[in-house]
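Trainee: below are the sequence and a predicted model; questions follow.
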Amino acid sequence: MDYIQYYESPLGRILLAGDGRALKGLWFTGQKYFASTLTAEYREGETDVLNEAKRWLDIYFSGSIPDFTPPLAMETTEFRKTVWEVLMTIPYGQTIEYGQIAKKITRDRNGLSASPRAVGNAVGHNPISLIIPCHRVVGAGGSLTGYAGGTDKKEKLLAMERAHK
């Protein structure tokens, strides 16, 4: 069974979901692919994992860099998991282009090709926003392309991180 809790952030309400062992989702209310990994059976309640995620968010939104990552359940394809693992290496306050991620994955996979479009699809389907920092991925030349939570939130998140770096 999944458990959910809501978190009131400076950028809007966030839904957290976990299975008791790991965080499965962190979405801004109403974002694209909202609650995509949430099972049909869930209930609102506290769990250690959800409380740890809320503590992470408290630290993050206070302008500090959290020094821990709650346990994450990345239930997805191997390719998406690979992309999300790359996202977790992007330093706070910095960005990377979709094409750069594609090149890195192609290199790491011994020449098996990854296109920027495939990377973009994987980034867009990230169900654990902020902790897996998909907002730090930008288009060619640094353009603020799509973000499931909305480009307005992406812009605010990047500005917040750069201000507190």
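Mentor: Cool, got the structure. Numbers count the residues shown, from 1 in each chain.
Trainee: which residue packs closest to the residue nearest the centre of the chain, ignoring adjacent ones?
Mentor: In the chain, the centroid-proximal residue (Cα atoms, centre = their mean) is residue 129; its distance is 2.6 Å. With Cβ to Cβ, 6 or more residues apart in numbering as the measure, residue 26 is the residue that lies nearest to residue 129, at 5.1 Å, once sequence neighbours are left out. C-beta here means a position set from N, CA and C on the backbone, and glycine is covered the same way.
Trainee: residue ranges with poor pLDDT in this structure?
Mentor: Per-residue confidence of the chain (counting by pLDDT under 70) places the weak regions at 110-112, 165.
Trainee: and it, what are its domain boundaries?
Mentor: Domains of the chain are assigned by automatic domain parsing as 2-61, 78-163.
Trainee: of all those domains, which one comes closest to residue 70?
Mentor: Taking Cβ to Cβ, domain 2-61 is the member of those nearest to residue 70, at 4.3 Å.
Trainee: who does the residue nearest to residue 129 bridge with?
Mentor: residue 16, residue 128 (DSSP bridges).
Trainee: against residue 103, how distant is it?
Mentor: Distance, residue 26 to residue 103, using Cβ to Cβ, to the nearest Å: 28 Å.
Trainee: and residue 5, by the same measure?
Mentor: 38 Å.
Trainee: and if you look at residue 69?
Mentor: In this structure, residue 69 and residue 103 are 25 Å apart, going by Cβ to Cβ.
Trainee: residue ranges of the helices in the protein, please?
Mentor: Defined through DSSP state H, the helices belonging to the chain, from first to last, are 48-61, 78-87, 98-108, 116-124, 151-163.
Trainee: quick one: buried residues of the shortest one?
Mentor: Under the neighbour-count criterion of 16 or more other Cβ atoms under 10 Å, helix 116-124 has 116, 118-120, 122-123 buried.
Trainee: which other helices and strands contact it?
Mentor: In this structure, helix 116-124 packs against helix 78-87, helix 98-108, with contacts taken as 3 or more Cβ pairs under 8 Å, 6 or more residues apart in numbering; DSSP states H and E.
Trainee: ok, now the longest one?
Mentor: Helices and strands touching helix 48-61, by 3+ Cβ pairs under 8 Å, 6+ apart, are strand 2-9, strand 12-18, strand 23-28.
Trainee: go on, the third one?
Mentor: Contacts defined by 3+ Cβ pairs under 8 Å, 6+ apart place helix 98-108 against helix 78-87, helix 116-124, strand 137-138.
Trainee: could you check the angle helix 78-87 makes with it?
Mentor: Between helix 98-108 and helix 78-87, the angle comes out at 110 degrees (axes from the mean of the first three to the mean of the last three Cα atoms, to 10 degrees).
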